[in-house]
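In: Predicted model follows, preceded by the sequence.
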Amino acid sequence: MGADAAGTSHRGHKPAPAASAPCAPGAIVPGATPAAQPGPEHVTEPVAYDAILLAGFGGPEGQDDVIPFLRNVTSGRGIPDERLEEVAHHYRHFGGVSPINEQNRVLKAALEAELASRGIDLPVIWGNRNWDPYLNDALAEAKTAGYSKLIAIATSAYSSYSSCRQYREDFADALADTGLGDEIQIDKVRQFFDHPGFVQPFVEGVRAGIAGLEASAGLDRTNEVEVLFATHSIPSTDAARSGPAERGFGEGGAYAAQHRAVAEVVMREAGASDVPWQLVYQSRSGPPSMPWLEPDVNDAIEQLPAAGRKAVVIVPLGFVSDHMEVLWDLDNEALETAEQRGLAAVRVPTPGTHPAYIAGLVDLVLERVNGTPVAERPAVTELGPWYDVCRPGCCENVRLGFRPALAGIAP
């Protein structure tokens with residue numbers, strides 16, 4: 001039985017990489033329900049799902065968990081424990097506990113409450129990619145309950161290998177690990193970067209953040225305040241492969257384009273089109289010789305005083321909750337950099353369990369339950385609504401190539 005509350009003693013295992021993914025005769029999308037098997041960009045045929053699969057990243061819940069968790073995150077890369085310990089200090093600082101598992105418990109409860117309030121009978125099963133409860137635990141739970149058609153929500157909004165395709169690969173790994181490939185089908189809701197439920201909390205946060213700085217410091221917002229939209233950096237080569245190549249997103253691929261498009265909407269809807277802003281990146285890893293998306297948030301902050309800025313609003317646009325990259329890299333390091341440079345600074349909230357975000361996630365599930373026509377699906381940028389079924393060849397990991405994955409057309 002998977003761990004479903006803090007303090008449980010169960011320790012499952014991260015599935016090994018799958019050698020293949022189950023594919024029905026004539027289908028081009030592995031592991032999918034019949035409506036998605038032909039690979040349409042958007043599935044407009046209703047599907048009677050049995051349950052929602054809430055797919056998280058996972059995180060340690062004690063000091064003894066930290067290194068095993070980091071081994072899971074970096075599996076296949078041959079990184080020795082000594083190197084892992086060098087990056088473990090973020091978790092050690094917080095007692096070895098990542099907030100992400102508790103946040104997903106709260107998210108699961110909020111989804112269940114929203115579903116119940118609408119009279120929707122869809123249970124929510126939670127599984128993680130890198131820690132208890134693992135995705136294979138979640139599929140075993142589904143099997144026990146008799147659920148055979150799952151609609152997955154990945155707790156990541158944008159398109160890239162690490163934020164979309166890797167989840168889809170892990171679904172395939174979990175099916176192979178449990179041997180349930182012939183019994184359970186898994187579809188996934190579209191990437192929701194431009195769904196209004198995800199965007200609205202940021203609009204409110206930016207509006208409040210700018211207003212607070214104006215009120216407390218008497219600043220000229222058009223010259224003395226800058227908004228930095230922060231997201232996780234990824235290797236430049238992987239970024240270039242994000243999204244379908246035929247869309248021609250250019251440098252940074254769909255990953256950067258989606259963030260820029262959402263940031264523009266946030267500034268406009270917050271009534272802040274007159275305030276300077278830029279997209280910045282954080283939390284890079286890997287060797288210095290490997291190019292990652294830039295500028296780094298701290299480098300950007302250091303340059304602000306020379307541009308006449310006296311305050312900065314930091315927006316964690318790439319994140320759905322206040323997990324470690326937000327608490328450490330932004331609340332600790334970025335705010336410290338701002339203080340050192342004499343800047344007033346505020347970090348706005350992530351969506352978390354904001355009512356609009358929770359309602360939006362349920363709406364995304366209902367798009368697939370009801371087969372909602374594309375014209376009726378909300379999207380606040382011209383890039384969306386994004387695909388229900390990922391297109392062939394998108395979001396490749398350049399180092400590893402394509403592994404078996406669900407919820408997309410095999411390349």
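Out: Yep, it's here.
In: what bits of the chain have low per-residue confidence?
Out: Scanning the chain for pLDDT under 70 picks out the ranges 1-10.
In: And for it, the residue most distant from the center?
Out: The outermost residue of the chain relative to its centre, with distances by Cα atoms, centre = their mean, is Gly218 at 35.9 Å.
In: Next one: that one from Ala35, what distance?
Out: 57 Å (Cβ to Cβ, to the nearest Å). (Each C-beta comes from the backbone N, C-alpha and C, glycine too.)
In: could you pull out the helices for this structure?
Out: Secondary structure of the chain by DSSP state H: the helices cover 66-73, 81-87, 89-93, 100-117, 135-145, 166-178, 196-217, 221-224, 236-240, 253-269, 297-303, 324, 335-340, 355-370.
In: For the first one, enumerate the helices and strands it packs against.
Out: When contacts are defined as 3 or more Cβ pairs under 8 Å, 6 or more residues apart in numbering; DSSP states H and E, helix 66-73 sits against helix 81-87, helix 89-93.
In: for this protein, longest strand please?
Out: Criterion DSSP state E: the longest strand present in the chain is strand 225-232.
In: what about Arg284, how many residues close to it?
Out: 17 (other Cβ atoms under 10 Å).
In: what do you get for Asp50?
Out: Residues near Asp50, counting by other Cβ under 10 Å: 18.
In: any idea how far Glu141 is from the residue nearest to it when sequence neighbours are not counted?
Out: The spatial neighbour of Asp50 that comes closest, neighbours along the chain excluded (Cβ to Cβ, 6 or more residues apart in numbering), is Tyr147 at 3.7 Å. According to Cβ to Cβ, Tyr147 and Glu141 sit 8 Å apart.
In: now Arg399
Out: Taking Cβ to Cβ, one finds Arg399 at 33 Å from Glu141.
In: again with Asn101
Out: Counting by Cβ to Cβ - Asn101 and Glu141 are separated by 16 Å.
In: Neighbour count: these two, which is higher?
Out: Asn101 (25 against 20).
In: so how far is Val362 from the closest residue to that one other than its chain neighbours?
Out: If the residues on either side of it in the chain are set aside, Asn101 comes closest to Gly59, at 5.4 Å by Cβ to Cβ, 6+ apart. The gap separating Gly59 from Val362 is 24 Å, by Cβ to Cβ.
In: which one of these two has more residues nearby?
Out: Neighbour count, other Cβ under 10 Å: between Gly59 and Val362, Gly59 has more, with 25 against 20.
In: Show the contacting residues for that one.
Out: Gly59 makes contact with Phe69, Tyr91, Val97, Ser98, Pro99, Ile100, Asn101, Asn130, Trp131, His323, Met324, according to Cβ atoms under 8 Å, 6 or more residues apart in numbering.
In: could you redo the last one with a cut-off of 7 Å?
Out: Applying Cβ atoms under 7 Å, 6 or more residues apart in numbering to Gly59 gives the contacts Phe69, Ser98, Ile100, Asn101, Trp131, His323, Met324.
In: Adding distance to Ile234, write the residues you listed out as TSV.
Out: Converted to TSV, the contacts of Gly59 look like this (distance: Cβ to Cβ, whole Å):
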residue	distance to Ile234
Phe69	20
Ser98	20
Ile100	19
Asn101	23
Trp131	21
His323	17
Met324	17
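In: just those residues now: which is nearest Arg368?
Out: Ile100 (25.3 Å; Cβ to Cβ).
In: For Leu293, see how far away that closest one is.
Out: 22 Å.
In: what do you get for Leu107?
Out: Taken as Cβ to Cβ, the span from Leu107 to Leu293 is 27 Å.
In: And Pro40, by the same measure?
Out: 31 Å.
In: Neighbour count for those two, which is higher?
Out: Counted by other Cβ under 10 Å, Pro40 and Leu293 do not tie: Leu293 has more neighbours, with 25 against 16.
In: so the more buried one sits right up against Asp238, yeah?
Out: No: taking Cβ atoms under 7 Å as the definition, Leu293 is not a contact partner of Asp238, at 9.3 Å.
In: How about the contacts made by the most centrally placed residue in the chain?
Out: Nearest to the mean C-alpha position of the chain, counting by Cα atoms, centre = their mean, stands Ser156 at 1.4 Å. Applying Cβ under 7 Å, 6+ apart to Ser156 gives the contacts Ser163, Cys164, Tyr167, Val320.
In: Turn the residues you listed into JSON lines, including distance to Glu367 and neighbour count.
Out: Shown next, in JSON lines, are those (distance: Cβ to Cβ, whole Å; neighbours: other Cβ atoms under 10 Å):
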{"residue": "Ser163", "distance to Glu367": "20", "neighbour count": "24"}
{"residue": "Cys164", "distance to Glu367": "17", "neighbour count": "28"}
{"residue": "Tyr167", "distance to Glu367": "18", "neighbour count": "24"}
{"residue": "Val320", "distance to Glu367": "18", "neighbour count": "24"}
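In: out of those, which one sits closest to Cys23?
Out: For the contacts of Ser156, the nearest to Cys23 is Tyr167 (18.6 Å; Cβ to Cβ).
In: Show the contacting residues for that closest one.
Out: Tyr167 neighbours (Cβ under 7 Å, 6+ apart): Ala55, Arg129, Ala154, Ser156.
In: which one of the contacts of Gly59 is nearest Gly342?
Out: Nearest to Gly342 among the contacts of Gly59, with distances taken as Cβ to Cβ, is Met324, at 27.4 Å.
In: The closest one - how many residues pack around it?
Out: Neighbour tally, Met324, other Cβ under 10 Å: 19.
In: Would you mind measuring from it to Gly96?
Out: In terms of Cβ to Cβ, Met324 sits 11 Å off from Gly96.
In: same check, this time on Ala21
Out: Where Gly96 is concerned, Ala21 sits at a distance of 35 Å (Cβ to Cβ).
In: So between the two, which is more surrounded?
Out: Ala21 (22 against 18).
In: Over to the more buried one: give its phi and psi.
Out: phi -130, psi 140 (degrees, to the nearest 10).
In: Give me the phi and psi angles of Ile29.
Out: For the record, residue 29 is Val, not Ile. phi -120, psi 110.
In: Quick one: residues contacting it.
Out: Listed by Cβ under 7 Å, 6+ apart, the contact partners of Val29 are Ala36, Gln37, Gly39, Val389, Gly408, Ile409.
In: Against Arg118, how distant is Gly318?
Out: Gly318 is 29 Å from Arg118, by Cβ to Cβ.
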